[in-house]
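# the following block contains a protein sequence and its predicted model.
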Amino acid sequence: MEEYKNQTDRFPSFPLAELHAHLGTSINPAIYWQIAHAQGFKLPKKEYREFMDYITLSPDKKATTYMKYLKDIYHPLLDKLSSGTYAVEKAVYEILSGAYRSNSITLLELRNNPMKHNHEGQEDLDHIIMAMLRGMERALLEFKNLSSGIIFCLAREFNYEKNEIIVEKAIKYRRRGIVGIDFAGPPDKSFHFKDYKKLAQKAKRSGLKITSHAGEVKDANDIWEAIEYVDSSRIGHGILAAYDKKLMKELVKKNIVLEVCPLSNISTSAVKNVEELKFILRTFVENKVKFTINSDWPETIQSGHLWEQFNFLRKNNILNEEELERCNKIAFQSSFIPGVGLNAYL
Ligand SMILES: [Zn+2]
């Protein structure tokens, strides 16, 4: 990481909006270490730096595959450590306050699947959700100019009944700070967007917004489906749309915004290299597709904080300063959060 003398030397200097960050991968390794030790959890690495290295990816140290990282580290370790009322309250508070204090983030939408943070059903979901909201409220009380909200992720590998419960919980806590739902998880044969049409309509009628992880790996078909069946107003990743001209036209026509996560895509091998990333983002610029820059996994990708991703795109001549500012402006405009600070939910 390039050294910077003071805040004014740091690019970008403008306040940032983060629309796509997962709870489990937004927890700093030092916070994970504290959470684990406070509860006496057994860890796969006994030395802090080894642990940090074990859970962290980088463009140089890629996951062999995206699926392997999910299977070996993300779900068995990070989900477990970030489960329970103590962990989620502390995690949400630390993530939001850290983002504001150290990373110039003034708007942060944090997403998670509450059923992946309750030790596989051992804890009551309402307790878990209230703990998250307490963590968020504490951060919002401390930082008046911070805007924040939580998005609940449904899981493609869950059955409909389980996902329906998540939507019901999102609706129940909507006024307290749950701002939307997300269709998440890697492609799964049992999952079809068309099965969720009615449930998505219900969520929308209740005031929730909808985003969907789609077009990250495999192909762009799921983007078409996310638009057609669940009326997704934003798409998580969506990078494969760059290979589908008709789809790009549709995105522009419907004013759908992509949540692009550059270093995550490189680290998980969803894009081959910097050249492919450049091709994708330049194609979006040329075709006037609206997109935002996000971190996805800000603490488990080395140098993956949002401002570092902006810096990375500028240094590699992928986007210029003006284009990056525009991406950030689009992020503020397309946020699901209804207002600034605690007032958004009072
Ligand atoms: Zn994601």
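Ah, there it is. Residues are numbered from 1 along each chain as shown.

# any idea how far Y48 is from D195?
In this structure, Y48 and D195 are separated by 44 Å, where distance is defined by C-beta to C-beta, to the nearest Å. No exception for glycine: its C-beta is placed from N, CA and C like everyone else's.

# oh, I was asking about Q302
Q302 sits 38 Å away from D195 when distances are taken as C-beta to C-beta.

# more neighbours: which of those two?
More neighbours surround Q302 than the other of Q302 and D195, with 17 against 13 (other C-beta atoms under 10 Å).

# okay but the more buried one is in contact with S58, surely?
Yes. With contact defined as C-beta atoms under 8 Å, Q302 counts as touching S58 (3.6 Å).

# helices of the stretch 101-250 of the chain, start to end?
Read by DSSP state H, counting those that start in this stretch, the stretch 101-250 of the chain holds these helices, from start to end of the chain: 125-142, 160-172, 197-205, 221-230, 245-253.

# so after the lowest-mean-pLDDT helix or strand in the chain, what's the next helix or strand?
Among the secondary structure pieces of the chain, namely its helices and strands, helix 66-69 has the lowest mean (mean pLDDT, DSSP states H and E), a mean of 79. With elements assigned by DSSP states H and E, the helix or strand that comes after helix 66-69 is helix 80-81.

# does anything pack onto that following helix? Which helices or strands?
For helix 80-81, the contact count by 3 or more C-beta pairs under 8 Å, 6 or more residues apart in numbering; DSSP states H and E identifies helix 29-39 as packing neighbours.

# can you list contacts of the helix it packs on?
Taking contacts as C-beta atoms under 8 Å, 6 or more residues apart in numbering, the residues outside helix 29-39 that touch it are 27, 41, 43, 48, 51-52, 55-56, 78, 81-82, 84, 86-87, 90-91, 94, 299-300.

# got the contact list for N294?
Contacts of N294 by C-beta under 8 Å, 6+ apart are 18-21, 259-261, 306, 309, 331.

# kindly report the same for V167.
Applying C-beta under 8 Å, 6+ apart to V167 gives the contacts 152, 154, 181, 199, 202-203, 208.

# in the least confident helix or strand of the chain, what counts as buried?
66, 69 (16 or more other C-beta atoms under 10 Å).

# check the offset of that helix from the chain's centre.
Relative to its parent chain, helix 66-69 has a centroid offset of 17 Å by C-alpha atoms, centre = their mean, to the nearest Å.

# out of the contacts of V167, who has the most neighbours?
With neighbours taken as other C-beta under 10 Å, the top of those is I181, carrying 30 neighbours.

# what bridges to that residue?
Beta-bridge partners for I181, by DSSP bridges, are F152, I210.

# for it, which residues are in contact?
Under the criterion of C-beta under 8 Å, 6+ apart, the neighbours of I181 are 151-154, 166-167, 170, 200, 203, 208-211.

# now, which of these sits nearest Y69?
Each of these was scored against Y69 by C-beta to C-beta, and C153 proved nearest at 16.8 Å.

# possible to save the contacts of V167 as a markdown table with distance to N255 and pLDDT?
What follows is the contacts of V167, written out as a markdown table (distance: C-beta to C-beta, whole Å; pLDDT from 0 to 100):
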| residue | distance to N255 | pLDDT |
| --- | --- | --- |
| F152 | 24 | 98 |
| L154 | 23 | 98 |
| I181 | 19 | 98 |
| L199 | 23 | 98 |
| K202 | 23 | 98 |
| A203 | 19 | 98 |
| L208 | 18 | 98 |
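
# next, format the residues you listed as CSV and append distance to L70.
As requested, the contacts of V167 are exported to CSV (distance: C-beta to C-beta, whole Å):
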residue, distance to L70
F152, 19
L154, 16
I181, 20
L199, 24
K202, 29
A203, 25
L208, 26
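
# how about the strands in the protein?
Taking DSSP state E as the criterion, the chain contains strands spanning 16-22, 105-112, 147-155, 178-184, 209-214, 234-237, 257-260, 291-293.

# tell me which of those sits nearest to E250.
That would be, of the strands of the chain and by C-beta to C-beta, strand 234-237, which comes in at 11.0 Å.

# just the buried residues out of the contacts of helix 29-39, in ChimeraX syntax.
Selection command for ChimeraX covering only the buried members of those, criterion 16+ other C-beta under 10 Å:
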select :27,43,51,52,55,56,78,81,82,84,87,90,91,94,299,300
